[in-house]
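*Asks:* using only what follows, build the 3D model:
(chains A, B and C)
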Amino acid sequence: MTASQKEGRANEPLLEVDDLRTYFDTPRGIVKAVDGVSLRVDRGKTLGIVGESGSGKTVLSRSIMNLLPKANTIREGSVRFEGRELTTMKNKEMRTIWGAEMAMVLQDPMTSLNPVTKIGEQITESLGIHLNEKGKVAKAHAVELLKSVGIPAAERRLGEYPHQLSGGMRQRVTIAIALACSPKLLVADEPTTALDVTVQRQILDLLESQQTQRNMGLIIITHDLGVVAGRADEIAVMYAGRVVERAPTRELFARNRHPYTEGLLRSIPRLHQPSHSRLQAIPGRPPDLVDPPAGCPFAPRCNYAQDKCLTETPVLAPHAAGHEAACHFPVGTTAGQEALARNVAAGRTAAGTPLDSTVLATAGAA
Amino acid sequence: MYVLRRLPSLIATLLAVSILTFLMTSLLPGDPALQILGAENATPEAIAAVRAELSLDDPLPVRYLHWIGDALTGDFGRSYRTNEPVSQAIVERLPVTAEIGLLAIVIALAIAIPVGMLSAYRAGTRTDKVISSTSFGLLAVPNFMVAILLILIFAVWLGVLPATGWVNFTDNPVQNLRSALLPALSLAIAEMAVYTRLLRTDMIATLQQDFVTMARVKGVSNRRILFRHALRPSSFSLLTVAGVQVGAIIGGSVVIETLFAVPGVGRLLLEAVLVRDLLMVQGVALVIAVSYVVVNFTVDILYSYLDPRISHGRSAARV
Amino acid sequence: MSTPAPNLGAPHPGVTSELAPADGLIAETSAAAAPGKKRKRGFGVTFWLATVWLVVVLICAVFANLLPVKDPLVPDVLNKLAYPGPEHWLGTDGLGRDTLARLVHGARVSVTISVTAVAIGMVVGGFIGIIAGFFRGKLETVLMTIINIILAFPALVLLLVLLAFVGRSLVVISLIVGFLSIPIYTRVARATTLAVAEREFVRASRTMGAKNSRVLAREILPNVVLPVAAFGLVAMGVVIVLEGTLAFLGLSVQQPAPTWGGMIFDGKRYLSEAPHVVLIPSIAMFLTVLSLNLVGDSLRTRFDVRGSNL
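*Replies:* Numbering: from 1, shown residues only, chains lettered A, B, ... in the order given. As a prediction, the model looks like this:
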């Protein structure tokens, strides 16, 4: 690769996802796990993807990484990594990108390390594949990597097995493995969910500092808005396989527009609230992705739902610079307030969900 | 050390197995003295003399201690029929059975490992379905049927391998292998089916593990993932079952050795059983049972090398 | 690359794997990873074909004397080793006896031995296993130690010794094989009981103060019987093969009563001149064992509480 090519690529976004769809053909029918998602990540930036389990965020991450099996899977749209189209790439080509340019950290460090292989071997493996480092060179590099992710007595750890490490240490090891060949993009899929609360923060700080040092693009996938609150540059909220709201982090927390985002924000405990104030859970469950109902997929759980929401699927519409939301009656707008007032007056939403006046009292307070 | 920690249970099992062998052959109906003498010579005095000589009138625990004490020094007594020392007969025939059994296991694993892996790797495809149903079908074929089919094909129709007989390895290594091949194959087919199915199931589970995804994301080639990352974690139950299946191979060797006229321990046991040669039956049964227990103990030790979680003291989810 | 997609690192939507771990991807696409629901409702053609074959074998065994077949013991001396034809539908053996008739009557031995042995093993072993799995504690330790020691002994060796010294009528063989199969049923029944006893409805009923006997009879037993019975079907196949093996060793029911194993053993002599004498009973035995495996396996997958506790 010549310098000029590198320059040329530097002008393009690092990762650009355009109208990506991933459907699974199952005996129950077509599962629309990812249904038309568009995203963009730049160098040195962090994108948070937030959604509850079943929202398709994990499938999205695997689709971006091009990791899904081809059989019984329908994929449309495009994923461009530095201008290169990944969706049409064969596994053989992907292997030069996996590990070298794109890397991944998975949710559970217990299961994402091979239980019968020594830590050292698991780290040096990708060094050998992509950087052609062998023997002592590779070993020294591995020690350096372990030190950089904050693992004490790194030399000794190389000869140990994963079960000899604590959960937090293991996750540090998987991060060291992911960072081994200095990738340009790191996808972290629920990187802290399986960890103790005290360790979660350390791991997130580690990811953040490594990202800054390496000017890496970072995607953090989580079900917890709190995880990405202070760290992500931009947040995309996913629901039922779609992005329902996308905004710079500050903007999203200040002026969320989608009722689902509002619900997520309300379920985060806050310090300034009096103790014993009740956290509000979002009622109901995410919809079945096999036969999604017509209209807005969130309507059955939404306090704002009107007749229109049951028939017409909303599309992402701009609200401010870089802020989009897919809602007919967005939160914090006149249309939204009127919709909510109508529903409270009727005692139920258009979808039939019962409502009481406490909703009105807390509306907009978040 | 792991071996030392497991040792007490090994000794206890061996003890239990020896008692079982002894009881089994001692509590059976029929007077051994009568059988030794034959109906025509069985005067009451002669019977009493033989019973005294064999200490048959002592209480059972005393007889057991005598018997096991002698057995530990390698003395199993003499055959009623041929007067040959039991230990000598066993020493002569054990290598034959061991060779055939080992060859069978090697053949079975050599085929089952690649085929089972392929089946898992291509899970859900036509290749997988063909492999799965073939191995399922093979489970329903008894070893004597396999043996007859093999004889029909290789000895009767093609005439390339001998149908019966045995050549010692020291006499002629090539002929030895030729005479061991069909018996070993007969034992191997069913084992192969068992191993293939087991490995396929475990491998499919392993390939869905996060660490396999991690390996892919590292850019590791499929071949390397299969052999370096997935095979070892998928082979725990394969190893265990291979140990347990040694019992099936020992049982099978009784039939197969008889069918192929091979002078092994299995045939020795059958012949002894048919003529009620009590001491021979006891000796052979004890040796077979002890070998089986020792093999499974060895498998247990190997297991701890395969899975570092065990030797480091944390008990992984095991049966 | 025209090769089919490899199945690495991600659940394959086409695979029905009970062992699928709770991987994030599977959790999110549970619909995609568990395509079983619809397919499991029906059993498929092979299952029913196997069932039909088993019913045919059963009818042969029960009504052997009433069926319009020749006498299995009367030789047709002019037609020794005859190939299948209009006179003898499946040919004759080395003495000129009708193969079809011998197959039909031989089914009687296979069915009697396997049903008796499996019944004994299932009732006694099942009982011990349920007791061990339900009451746990010292009782379980003692019972399972004994069971494991018996299992530490190659079964065929035990069987041979017992048979040689006890005798070998149909009844004795069935009893001994049944007795020897007790340990394995004990393990299956115990594993299933352990799994069932952990389920909410059993816990609930125990917490609400139901008597042990009531919990055993109303909650445990009905849930353990089906998996154990499904296992019993597969075990019947094993017993049929075992009878064949004994016949081969000259230790099964005495001649001239026809048994499938005995027919294969006798026919072996004529392997070069008349392989069909061996092959026809072999195929009958193979189909029966295969059918038992198929039916047993399908039922076991359906009734499986948790198969991995064995």
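*Asks:* quick one: the strands in the chain?
*Replies:* Answering for chain A, as no chain was given. A:15-26, A:29-41, A:46-50, A:73-81, A:84-85, A:102-105, A:185-189, A:217-222, A:234-239, A:242-248, A:317-320, A:323-325 (DSSP state E).
*Asks:* nope, chain C
*Replies:* Going by DSSP E, chain C shows no strands.
*Asks:* lowest-confidence helix or strand of it?
*Replies:* Lowest on mean pLDDT, DSSP states H and E among the helices and strands of chain C sits helix C:24-28, with a mean of 29.
*Asks:* wait, A:G347 sits on A:L355?
*Replies:* Yes: if you go by C-beta atoms under 8 Å, A:G347 and A:L355 touch, sitting 6.0 Å apart. Using the backbone N, CA and C atoms, a C-beta is placed for each residue, glycine as well.
*Asks:* circling back to that earlier point, C:P86: which of the strands of chain A is closest?
*Replies:* strand A:15-26 (53.3 Å; C-beta to C-beta).
*Asks:* now the stretch 201-310 of chain C, which segments are flagged as low pLDDT?
*Replies:* C:255, C:304-310 (pLDDT under 70).
*Asks:* what do you get for the stretch 201-319 of chain B?
*Replies:* Checking the stretch 201-319 of chain B against pLDDT under 70 turns up B:311-319.
*Asks:* got the residues of it near chain A?
*Replies:* Applying C-beta under 8 Å from any C-beta of the partner chain, one finds that the stretch 201-319 of chain B approaches chain A through B:209-211, B:213-222, B:229, B:232-233, B:306-309, B:312, B:314.
*Asks:* in helices only, show me these.
*Replies:* For those, membership in helices holds for B:210-211, B:213-217, B:222, B:232-233, B:306, B:308-309, with DSSP state H as the criterion.
*Asks:* count the neighbours of the closest residue to chain B within the stretch 51-200 of chain C for me.
*Replies:* Residue nearest to chain B within the stretch 51-200 of chain C: C:L156 (3.1 Å; C-beta to the nearest C-beta). By other C-beta atoms under 10 Å in any protein chain shown, 25 other residues sit near C:L156.
*Asks:* which strand or helix spans B:D58?
*Replies:* Following DSSP states H and E, there is no helix or strand that holds B:D58.
*Asks:* re earlier: mind checking how far the residue of the stretch 51-200 of chain C closest to chain B is from A:C327?
*Replies:* To A:C327, C:L156 is 73 Å away according to C-beta to C-beta, to the nearest Å.
*Asks:* now do A:S267
*Replies:* 18 Å.
*Asks:* compare neighbour counts for the two and give me the winner.
*Replies:* Neighbour totals were compared for A:S267 and A:C327, and A:C327 leads with 27 against 16 (other C-beta under 10 Å).
*Asks:* pop out the phi and psi values for the more buried one.
*Replies:* Main-chain torsions, A:C327, degrees, to the nearest 10: phi -150, psi 140.
*Asks:* before we move on, the earlier item: who has more neighbours, A:G347 and A:L355?
*Replies:* Remark: of A:G347 and A:L355, A:L355 carries more neighbours, 18 against 10, as counted by other C-beta under 10 Å.
*Asks:* quick check: the more buried one touching A:Y304?
*Replies:* No: the criterion here is C-beta under 8 Å, and A:L355 misses it with A:Y304 at 10.0 Å.
*Asks:* show me the common contact partners of those two, please.
*Replies:* Overlap between the neighbourhoods of A:L355 and A:Y304 consists of A:343, A:349, taking contacts as C-beta atoms under 8 Å, 6 or more residues apart in numbering or on different chains.
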